[in-house]
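> Show me the folded form of this:
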Amino acid sequence: MKSRLLGSVGGGPTRDDQIAGAWVSYVGASAVINSSYNVSSVTRNALADHTITFAKAFATASSYAVAGHGELSGTSSVFIDFKQNTSPSTTSFTIICGVGNGGTGDPTNVCILAVGKY
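Numbering: from 1, shown residues only. Prediction:
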């Protein structure tokens, strides 16, 4: 794969498919965005079921990777995963927020990072 080089804060080159293409911090229960880059909306479909929509599409649905973190009061661990039986697209993806006991819940704060190529 060819990639053009961009400058980085540290002075060395950075490939454009290795930088944040989108990120968002939002309130889980209301889907209110606190801050974001290249995210046009967050939709709360149901409890712990959220769709993140990009303002600018990625090159292909398989050209980006996603990492996430959530905080839920009184819970030792929260996981964020792609929702089963859904497929990420170039413009959006749907996640499920789960808790360590096997249940689901809306985290107080959700942070999502998507890294990939436009």
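> what about the strands in this structure?
Using DSSP state E, the strands found in the chain span residues 5-7, 13-15, 20-26, 33-37, 39-46, 49-54, 64-71, 78-82, 92-99, 109-116.
> As a markdown table, those with mean pLDDT and mean neighbour count would be great.
Quick note: C-beta positions are derived from backbone N, CA and C, even for glycine. Compiled in a markdown table, the strands of the chain are given as follows (pLDDT from 0 to 100; neighbours: other Cβ atoms under 10 Å):
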| stretch | mean pLDDT | mean neighbour count |
| --- | --- | --- |
| strand 5-7 | 38 | 10 |
| strand 13-15 | 58 | 13 |
| strand 20-26 | 93 | 20 |
| strand 33-37 | 96 | 13 |
| strand 39-46 | 98 | 16 |
| strand 49-54 | 97 | 21 |
| strand 64-71 | 86 | 16 |
| strand 78-82 | 88 | 16 |
| strand 92-99 | 92 | 20 |
| strand 109-116 | 91 | 19 |
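> Wait, residue 55 touches residue 23, no?
No: in terms of Cβ atoms under 8 Å, residue 55 does not count as a neighbour of residue 23; the distance is 11.8 Å.
> shared neighbours of these two, which are they?
By the contact definition Cβ atoms under 8 Å, 6 or more residues apart in numbering, residue 55 and residue 23 are jointly contacted by 38-39.
> I'd guessed residue 86 sits against residue 94; true?
Yes: counting by Cβ under 8 Å, residue 94 is a contact partner of residue 86 at 4.7 Å.
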